[in-house]
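J.: give me a model of this one.
(2 chains)
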Amino acid sequence: MPDRTLDIDLDHRRGGFSLKGAATLPLTGVTGIAGPNGAGKTSLLRAVAGLDRTRGNTIRFDSETWQAGPSFLPAYRRRAVLVFQDSRLFTHLSVTGNLDYASRRAPPGGHGPDRAELIDLLQLAPLMTHRTADLSGGERQRVALARALSARPRLLLLDEAFSALDASFRQNLLPALRERLAHWQLPALMVSHSAREMAVMADHVLPVENGQIGALCERDAWLAGSEGGSKAGDEPGAVLTGRITGHDARLHLTDLRIGEHRIALPGLTELVIGSEARLYVPARDVTLAVDAVDGLSVQNRLPGTVAAITDRRDTAWCDVELEVATQRLCARITRAAAEALVLKPGDTVIALIKSASLAPRQD
Amino acid sequence: MSESLPAIFLTVQLALVTTLILFVIGTPLAWWLATTRTRLKPVIEAVTALPLVLPPTVIGFYLLILFNPGSAIGGLWVRLTGDTLAFSFSGLVIASVIYSLPFMVQPLQTAFERVGRAPLDAAASLGASPLDAFISVVMPLSLRGFITAGVLSFIHTVGEFGVVLMVGGNIPGRTRVVSIALYDHVETLDYAAAHALALGLVAASLSVLVAVFLINRRYPVHAG
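T.: Sure thing, here's the model as predicted:
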């Protein structure tokens, strides 16, 4: 456990809704908050932000007590800035006005995002003089994100903050934002329904279900579906981390090196050569072969070893966990196929990943 | 016409002072009504709206009794200022503030309720204290409500009659406002002077209202 933590212990009741449970979250990197609609994810963020003053909640940020018993630090003194799902830009101010609103209230000095950096990251230059009423949903989310960061928060709270962005923009933004958050040493809590967003952004995942906070788990374990979170259990996947080694302008592909192996991907052309990229690979998009096969359109082939095979009860599926260049990959194949190939742990296989499945898309 | 000038000046002065005081009193009251969750809210709302439905003479009657130097409030005022509240400009201002209160509070309350919690939560999260958020977010988003409330309070104060007659009487240069001067002219069958005042009131009120509607159309504030 890292030494700086956010400790929450919620006993929140309002109307028929309740949110209960305790968790200790690391104040480094990004912690994803996953769960079905109405589970209480937004309530959790609002409690941390200080926007819900429910008695019975206890929240400690590092050594500071934000809420405990009758004591309550108001939202405006927490510097835990929430990016709302519906953006909530100030309609009486321009885009620049909205950013100024936040930066004027930010603590002076110190290190943190500066205006030019944010305009560049979120591509706001053409929007700066616009009225907020004239922006599209995706543009609003970009401005809301820039506004939140302009306040120089100590903790960033993201509530479905990328849901309206178009897919190719998101594909490029997420890794860049993740890198910036690490650079600013700004921890974040991120509510998302997208396993892909979790895979790219999160280091840990906190499942929330039916108003109950679950146990914090490692991102990879959550993605593999072995721990908490019904969504990942139904749709497992894995993250491959690689280094970008080059761009092929003619074929619109980016070369990525994963251990000894290299694969080529579309849609990552904005990323800097040499930087690290996280790739979410849904298990259903991985095909297995036991021998080298010729004459296939699938170019991305990664040799690996079967680590475990998990049958999905009452379905035709099983999930095969692979070790590929010391990383984990998950393949969902039919149980019939597993039997036909006589797969067992320790077998050497080749994982075939279709590039199209890694391309940006709405999910 | 020249004999009407003191009445016109007095009226404008009374309406201005009343509106300014109402902004100071009405803004926090309307904000409280728009945001409170107390069960007393309907009661307070009813009390605030009472001047709308009561005959002005009823308000005037009670105020006259309160302003009596023999009463606690009237007596205190005399001791503090050496002047009586009844039949004075100060008394008129107090009466007008009470009489026009709903015309300030209701448009403001509606405007504040339309702004809602959402932008306030955003402002708080960005580090704005409640007062800061009110001034920097709620007030600009409620601009139309402020204009409407100010104009309605002003015009309503100009148009009051019963309360002024009860509390202020008809002292030239001190409590004789336009509406009472007009009544006087009619009483003395001076229809020319009555016409001039009546038409002046209609023209002034109409032009102010047209100006308000123009402003509201030209600078729409997108709330929400």
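J.: please count neighbours and contacts with C-alpha atoms only from this point.
T.: Will do.
J.: next, whatever residue of chain B ends up closest to chain A: phi, psi?
T.: Proximity of chain B to chain A (Cα to the nearest Cα) peaks at residue B:127, 4.0 Å away. Phi and psi for residue B:127, reported as degrees, to the nearest 10, are phi 100, psi 10.
J.: not counting its neighbours along the chain, what's nearest it?
T.: In this structure, residue B:127 finds its nearest non-sequential neighbour in residue A:76, 4.0 Å apart by Cα to Cα, 6 or more residues apart in numbering or on different chains.
J.: wouldn't the one you found be in contact with residue B:128 here?
T.: Yes - using Cα atoms under 8 Å, residue A:76 is in contact with residue B:128, at 5.5 Å.
J.: in chain A, which helix or strand is least confident?
T.: helix A:230-234 (a mean of 51; mean pLDDT, DSSP states H and E).
J.: beyond that one, next helix or strand please.
T.: strand A:237-248 (DSSP states H and E).
J.: what's next to that next one, contact-wise?
T.: With contacts defined as Cα atoms under 8 Å, 6 or more residues apart in numbering or on different chains, strand A:237-248 is touched by A:199-200, A:220, A:223-225, A:253-259, A:269, A:271-284, A:327-331.
J.: next one: stretch A:274-285
T.: A:175, A:196, A:199-200, A:235-245, A:319, A:329-333, A:353-354, A:357-358.
J.: one more: stretch B:170-188?
T.: B:4, B:6-8, B:10-11, B:87-89, B:92, B:158-161, B:164-165, B:168-169, B:191, B:193-194, B:197-198.
J.: quick check: mean pLDDT of that stretch?
T.: In this model, stretch B:170-188 has an average pLDDT of 87.
J.: what do you get for stretch B:41-49?
T.: Rounded mean pLDDT across stretch B:41-49 is 93.
J.: before we move on, the earlier item: ok, the residue of chain B closest to chain A touching residue A:77?
T.: Yes - judged on Cα under 8 Å, residue B:127 makes contact with residue A:77 at a distance of 6.2 Å.
J.: who has more neighbours out of those two?
T.: Counted by other Cα atoms under 10 Å in any protein chain shown, residue B:127 and residue A:77 do not tie: residue B:127 has more neighbours, with 29 against 16.
J.: so what's the more buried one up against?
T.: Residue B:127 touches A:75-79, A:102, A:105-106, A:151, counting by Cα under 8 Å, 6+ apart.
J.: ok, and the most crowded of the residues you listed?
T.: Comparing the contacts of residue B:127 by number of neighbours (other Cα under 10 Å), residue A:75 comes first, having 29 neighbours.
J.: what are the contacting residues of stretch B:31-39?
T.: Applying Cα under 8 Å, 6+ apart, the contact partners of stretch B:31-39 are B:41, B:45, B:108-110, B:112-113.
J.: okay, and for chain B, where does confidence drop off?
T.: Low-confidence regions of chain B, defined by pLDDT under 70, span residues B:1-2, B:218-224.
J.: picking up where we left off before, what about the residue nearest to residue B:127, which SS state?
T.: At residue A:76 the chain is in helix, as set by DSSP: H, G, I helix; E, B strand; the rest coil.
J.: mind listing what it touches?
T.: Per Cα under 8 Å, 6+ apart, neighbours of residue A:76: B:123-129.
J.: same check, this time on residue A:87
T.: Counting by Cα under 8 Å, 6+ apart, residue A:87 touches A:140-141, A:144, A:161.
J.: mind redoing it with 10 Å?
T.: The contact partners of residue A:87, by Cα atoms under 10 Å, 6 or more residues apart in numbering or on different chains, come to A:137-145, A:147, A:159-161, B:118-119, B:122.
J.: which of those residues are buried? Put it as a PyMOL command.
T.: Buried members of those, defined by 16 or more other Cα atoms under 10 Å in any protein chain shown, are picked up in PyMOL with:
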select buried, (chain A and resi 138+139+140+141+142+143+144+145+147+159+160+161) or (chain B and resi 119+122)
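J.: just the ones of the contacts of residue A:87 in helices?
T.: Counting by DSSP state H, the contacts of residue A:87 place A:137-145, A:147, B:118-119, B:122 in helices.
J.: for residue 197, which non-adjacent residue is spatially closest?
T.: I went with chain A, as the question did not name one. residue A:174 (7.6 Å).
J.: the chain in question should be chain B.
T.: Using Cα to Cα, 6+ apart, the nearest residue to residue B:197 is residue B:182, at 6.4 Å.
J.: can you tell me the element that neighbour falls in?
T.: Per DSSP H and E: residue B:182 is located in helix B:178-187.
J.: and that helix, how far from the chain's centre?
T.: From the chain centre to the centre of helix B:178-187 is a distance of 22 Å (Cα atoms, centre = their mean, to the nearest Å).
J.: how about it: buried residues?
T.: Judged by neighbour count using 16+ other Cα under 10 Å, the buried positions of helix B:178-187 are B:178-182, B:184-185.
J.: output the contacting helices and strands for the helix or strand just after that helix.
T.: Sequence-wise, the next helix or strand downstream of helix B:178-187 (DSSP H and E) is helix B:191-218. Here helix B:191-218 touches helix B:5-35, helix B:143-159, helix B:178-187, going by 3 or more Cα pairs under 10 Å, 6 or more residues apart in numbering or on different chains; DSSP states H and E.
J.: tally of neighbours for residue 29?
T.: In the absence of a named chain, chain A is used. Residue A:29 has 19 neighbouring residues, counting by other Cα under 10 Å.
J.: let's do chain B instead
T.: As a burial measure, residue B:29 scores 20 neighbours (other Cα under 10 Å).
J.: rewinding a little: tell me, what's touching residue A:76 and residue B:128 both at once?
T.: Common neighbours of residue A:76 and residue B:128 (Cα under 10 Å, 6+ apart) are A:105, B:121-122.
J.: closest to residue A:348 out of those residues?
T.: residue B:122 (53.6 Å; Cα to Cα).
J.: list the residues that contact that closest one.
T.: A:51, A:75-76, A:81-84, A:87-90, A:144, A:148, B:128, B:133, B:137.
J.: report the separation between it and residue A:340.
T.: 57 Å (Cα to Cα, to the nearest Å).
J.: which helix or strand contains residue 101?
T.: Just going to use chain A. helix A:95-104.
J.: meant chain B, my bad for not saying
T.: Per DSSP H and E: helix B:89-115 holds residue B:101.
J.: what do you get for residue A:82?
T.: Residue-wise, residue A:82 maps onto strand A:80-83 under DSSP H and E.
J.: likewise for residue A:351?
T.: Using DSSP H and E, residue A:351 sits within strand A:348-353.
J.: and after that strand, which helix or strand comes next?
T.: Per DSSP H and E, the first helix or strand lying C-terminal to strand A:348-353 is helix A:355-358.
J.: need the contact partners of that next one.
T.: With Cα under 10 Å, 6+ apart as the test, helix A:355-358 has contacts from A:171, A:196, A:253, A:263-268, A:279-282, A:284-286, A:297-300.
J.: now it: how far from the chain's centre is it?
T.: 19 Å.
J.: quick check: residue B:27 touching residue B:146?
T.: Yes - Residue B:27 is in contact with residue B:146 according to Cα atoms under 10 Å; the separation is 8.9 Å.
J.: who are the contact partners of the nearest residue to residue A:177 once chain neighbours are set aside?
T.: Closest residue to residue A:177 apart from its sequence neighbours, by Cα to Cα, 6+ apart: residue A:121 at 7.5 Å. Residue A:121 makes contacts with A:115, A:142, A:146, A:172-173, A:176-177, A:180, as judged by Cα under 10 Å, 6+ apart.
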